[in-house]
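Novice: Here is my input; please provide its structure:
(chains A, B, C and D)
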4 protein chains.
Amino acid sequence: MGLTIGVDIGGTKIAAGVVDEDGTILDTRQVATPPTPEGVVEAIADAVTKVGKGTGAEAVGIGAAGYVDDKRATVLFAPNIAWRHEALKDKIEQRVEMSVVVENDANAAAWGEFRFGAGAGHDDVVCITLGTGLGGGIIIGGRLHRGRFGVAGEFGHIRVVPDGLLCGCGSQGCWEQYASGRALVRYARQRAAATPEAAAVLLALGDGTPEGIEGRHVSAAARQGDGVAIDSFRELARWAGAGLADLASLFDPSAFIVGGGVSDEGDLVLDPIRKSFRRWLVGSTNRPHAQVLAAQLGGRAGLVGAADLARQG
Amino acid sequence: MGLTIGVDIGGTKIAAGVVDEDGTILDTRQVATPPTPEGVVEAIADAVTKVGKGTGAEAVGIGAAGYVDDKRATVLFAPNIAWRHEALKDKIEQRVEMSVVVENDANAAAWGEFRFGAGAGHDDVVCITLGTGLGGGIIIGGRLHRGRFGVAGEFGHIRVVPDGLLCGCGSQGCWEQYASGRALVRYARQRAAATPEAAAVLLALGDGTPEGIEGRHVSAAARQGDGVAIDSFRELARWAGAGLADLASLFDPSAFIVGGGVSDEGDLVLDPIRKSFRRWLVGSTNRPHAQVLAAQLGGRAGLVGAADLARQG
Amino acid sequence: MGLTIGVDIGGTKIAAGVVDEDGTILDTRQVATPPTPEGVVEAIADAVTKVGKGTGAEAVGIGAAGYVDDKRATVLFAPNIAWRHEALKDKIEQRVEMSVVVENDANAAAWGEFRFGAGAGHDDVVCITLGTGLGGGIIIGGRLHRGRFGVAGEFGHIRVVPDGLLCGCGSQGCWEQYASGRALVRYARQRAAATPEAAAVLLALGDGTPEGIEGRHVSAAARQGDGVAIDSFRELARWAGAGLADLASLFDPSAFIVGGGVSDEGDLVLDPIRKSFRRWLVGSTNRPHAQVLAAQLGGRAGLVGAADLARQG
Amino acid sequence: MGLTIGVDIGGTKIAAGVVDEDGTILDTRQVATPPTPEGVVEAIADAVTKVGKGTGAEAVGIGAAGYVDDKRATVLFAPNIAWRHEALKDKIEQRVEMSVVVENDANAAAWGEFRFGAGAGHDDVVCITLGTGLGGGIIIGGRLHRGRFGVAGEFGHIRVVPDGLLCGCGSQGCWEQYASGRALVRYARQRAAATPEAAAVLLALGDGTPEGIEGRHVSAAARQGDGVAIDSFRELARWAGAGLADLASLFDPSAFIVGGGVSDEGDLVLDPIRKSFRRWLVGSTNRPHAQVLAAQLGGRAGLVGAADLARQG
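Specialist: Coordinates of the predicted model:
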């Protein structure tokens, strides 16, 4: 199969792109994300049709947030769109006359990195995406591990603190409450609220209040060497690295790939993650260590991965 | 291949058994576990030779505690025997003239349950063994998941309590400190020390002191309906079930199999584990649930599983 | 001094009452709580004037939520009213021509229980109030312990879970997130969301959704023996009792008094609190134990206590 | 009363000293700590008699580890000497013919600092001693707070981590497991075990193994700027400061005094403690802050404090 189409459903826009077998995006179309569940279906079909016209693309891969069933056809539950047991594959296939594969968006991004990004040379890879939340995907023996019911790899919701922070999922102490962009901002705001005099740089970047501090302010301040911002990144890194150590005990991959907006800061955040990973890796002196790598595809990983999963069939 | 030999290396004795392709043990030999690492090698070879004589068995599977490398040949690290990078496969093959496969003992037991025990009808299974410690094994798509370096499935050492109990592995807050036979005894002893008047039954079963309470006393008292013993089982079950919920988020199997001495108590412990599992399963109303099953093979699982892994080659 | 006036500032109404030296309320006036900070001041003065007229009362004690300074004159910070460094004593004295004492409301309630309620016969008492949140007060050697800056006894905000639940105070893991009416409701709702089939009774008492479950539903269901409701009370009691054990290590009182709406359920909640207290009391077999008593004055404690503090001068 | 005698019972030696009313030690005698409980009694009497001869001293204050009853006469329980309900006051009075006061050793040290050390100018002080373990004492309104049963101020055993590290007291998660000299050594050893290459300096100071690292090595390495040693001090300081923030919520003193061997490192450890204290102090922008001061008397605090308590009678 030659070209395929990948779809990335974001909170504000939906992107469809034509991707070749080397993972190169040849063309894309973006449309605003409609407010209704039906609207999103139409918008996906619309973007796919437009970008696919005349390309000969025969298959579509869609990355969607939430639980996707084991047939890669139905979205069981989506956190941001009111989809419940939504037969997305059927609906899109009826509209675009191409075969469709639906995949969890973090799985798609993991697959993209595995195939065309940081995963080169590895067969067993665990990816985590430190975006607003924390997602991930698992590659075992060169294959995406989806689980029996399609809902494996929900890293963000393993419990790392009993009786810990409330999570949007209804549980408490979920990893993404401690290692994610949202967590980073909380760390910075809490410090700014408790010790405003030490957080002058951060407060000045925002509107002067702790609540005005955003993730980009923390990144900017950390790059300037600001102590509170660096402490905030370190706190995030402690939790991220400790969690990777647990994943090593479970999956034993040869590499971890760390992506998402937080990882854009590169070694500023990856080095403390590596340090924490080594600190908490059980039996660290008696076993080979997985590498901790930075993702390479940035925001393209999901679209490229979805397109490639469609090609695999 | 017809018959194969499985070996189980325990703290006090080493058992070798001839196993047919249905997982039935036809004959066994047991020898005391020697105190030296070299002695253990000789004892394994000795037991295998004796039990295998005249059976036509061509392959041996050995279940060993610790890290086994990805070639299933070398024990990288064993917690109880002074093996470090021990070339066990080569040494035994030289002595018994059969092909040898070395496997982590908990992996072997998981495989045994998967093939011949509670795993019937499932392709994706996660087993946990609540023995003195907590071990486990992972079956994905009908295959044992060993990890890139051979050390996957070390469930006992994922961190469930930050800054938690010190573990023999050198880390803190490891799951096996909260969900294992040793944890059960600690729960009972702590309660007996704090509130001896409430623990009269338990104290009477032992020597009258909290330190005299053993696991069999807790089981016996729980079966009689003793409150402190039942509370101790419930505390263990809370941690076990919450951990299974995390494993569901990660692996998404169709079934969990719970084995080990603690699980001998059956629904007395399995029901509260199931309750806790449901309580902490993320997205529980929007996804299919894995079953939580009791192991069926008891102490035979490791030997039978190791023999079968040798058959698979 | 004969009669004094106590004032209780609630979220919906302000109550002023004339109290005699035995702690009996002779007369009360209630007014709705105005929405503005200035309005609250006027309303307090108004209620005091009306109830005091012709009684000969010479002193007023006001219980206010928040930090009250060491001179018992200024509200440094109030959580629910926009008072910051509010000179409440001066403002009320100008309006009512009686001497005024301002006290933290939980301190006033503790003093009320100490003098006229469950504290009879004790000189060293720690009171906790399990209301919507968790407050408290400390009596040492028969005197209210206010601290050097007037802000002692903020029990609700000691950290019992590192990296725990976010608190309205900006910190994390505060005790009141785990032991309070709000916590009780959360426990019940979480259980109802995870295992709706087990929570049928609770769900039926509300509107059928987890969010519809209120504290009174949990109480009603627990009284009927409902398992989920009882489990919710037990979870609260575990945290309450463990916290009292810590307070025993710090203050070593002869009695704890447990008040607030949650304690209205009596031994249903007090017995598991006592059990947890004994379970976690350090050195429990080598030291005298404080009693854990139910408060006796109910919602009157704050008003009566404030009036008595005014009498003490 | 002029001169009094203070006694400090250590694990290896017992010191008795004559102290004047300014807290100056005029003379001391030290004897080795005998192995038997009776031997310790004799040794105390012996040291007191020798040092007191001809001084005119009329009263003796003894600081003893463990629970001392409210009459300051009986040691209810001692952790290191097999004293259970030991009538120490009576036994020593019979032997030395002076009036004797027995006090918890950490209380005595707190009193010493309050009267003659860092507590100058304060009436409400909480002292913590970061020695091998964590002890402390409370001064309220210029008086030592002993609690109703004499066992207040057992700071080391408040629970700061639910299900946390096992403590010698039988409980789990006690503060002294996270903030003490023993904790400091554990932090360093764990880091050295997990990442030996980063801990080369520390390992070289000891015997090359993680277990060979002692507290003095961590101090020496930290003074040289070693990263692992500094990280270890910071981890201790995080826990120490967070605990002081809790004590501020409870006691609201005007000053904390931090003593014990760990505090010998001065601002190396006190500055991060202050930082953590401010980070976790609830309502920090709306209340006066207690100072965090270094102790001034070093190892003399207990003896001097005990002598002064004897003078107070």
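
Novice: need the residues of chain A near chain D, please.
Specialist: Where chain A comes near chain D, counting by CB under 8 Å from any CB of the partner chain, the residues are A:162-163, A:190-191, A:193-196, A:275, A:278-281, A:284-285. Glycine gets a C-beta too; all of them are placed from N, C-alpha and C.

Novice: what's the farthest-apart pair in the residues you listed?
Specialist: A:Pro196 and A:Thr285 (43.4 Å; CB to CB).

Novice: Which one of the two is surrounded by more residues?
Specialist: More crowded of A:Pro196 and A:Thr285, by other CB atoms under 10 Å in any protein chain shown: A:Pro196, with 17 against 12.

Novice: Quick check, pLDDT for that one.
Specialist: Looking at A:Pro196, its pLDDT is 94.

Novice: how much space between A:Gly181 and chain D?
Specialist: A:Gly181 sits 21 Å away from chain D, going by CB to the nearest CB, to the nearest Å.

Novice: Might one say that that residue is in contact with A:Gly259?
Specialist: No. Using CB atoms under 8 Å, A:Gly181 makes no contact with A:Gly259, being 11.9 Å away.

Novice: Need the residues touching each of the two.
Specialist: A:Leu130 (CB atoms under 8 Å, 6 or more residues apart in numbering or on different chains).

Novice: if we can go back for a sec, name only those of the residues of chain A next to chain D that count as buried.
Specialist: For the residues of chain A next to chain D, a neighbour count by 16 or more other CB atoms under 10 Å in any protein chain shown gives the buried set as A:162-163, A:190-191, A:193-196, A:275, A:278-281, A:284.

Novice: Take those residues and keep only those in strands.
Specialist: Among those, DSSP state E puts none in strands.

Novice: Specify which member of those is nearest to B:Gly225.
Specialist: B:Gly225 has its nearest neighbour among those in A:Pro162, at 28.3 Å by CB to CB.

Novice: And the pLDDT for the closest one?
Specialist: A:Pro162 carries a pLDDT value of 98.

Novice: can you pull the contacts of it?
Specialist: A:Pro162 touches A:Gln172, A:Gly173, B:Val160, B:Val161, B:Ala242, C:Val161, D:Pro162, D:Asp163, counting by CB under 8 Å, 6+ apart.

Novice: Could you report the distance from the fifth one to C:Val185?
Specialist: As judged by CB to CB, to the nearest Å, B:Ala242 and C:Val185 stand 21 Å apart.

Novice: Same check on the first one?
Specialist: Taking CB to CB as the measure, A:Gln172 falls 15 Å from C:Val185.

Novice: before we move on, the earlier item: so which of the residues of chain A next to chain D are in helices?
Specialist: Using DSSP state H, the members of those that fall in helices are A:Gln190, A:Arg191, A:Ala193, A:Ala194, A:Lys275, A:Arg278, A:Arg279, A:Trp280.

Novice: Make TSV out of those and add distance to chain C.
Specialist: Below are those laid out as TSV (distance: CB to the nearest CB, whole Å):
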residue	distance to chain C
A:Gln190	7
A:Arg191	11
A:Ala193	5
A:Ala194	7
A:Lys275	19
A:Arg278	21
A:Arg279	17
A:Trp280	15
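
Novice: nearest to A:Asp69, of those residues?
Specialist: If you rank those by distance to A:Asp69 using CB to CB, A:Trp280 comes first, at 34.4 Å.

Novice: so that closest one makes contact with B:Arg159?
Specialist: Yes. A:Trp280 lies in contact with B:Arg159 (CB under 8 Å); the separation is 6.8 Å.

Novice: shared neighbours of these two, which are they?
Specialist: Counting by CB under 8 Å, 6+ apart, the contacts common to A:Trp280 and B:Arg159 are A:Ala242, A:Ala245, A:Asp246, B:Ser171.

Novice: Turn those into JSON lines, including neighbour count.
Specialist: As requested, those are exported to JSON lines (neighbours: other CB atoms under 10 Å in any protein chain shown):
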{"residue": "A:Ala242", "neighbour count": "23"}
{"residue": "A:Ala245", "neighbour count": "23"}
{"residue": "A:Asp246", "neighbour count": "26"}
{"residue": "B:Ser171", "neighbour count": "26"}
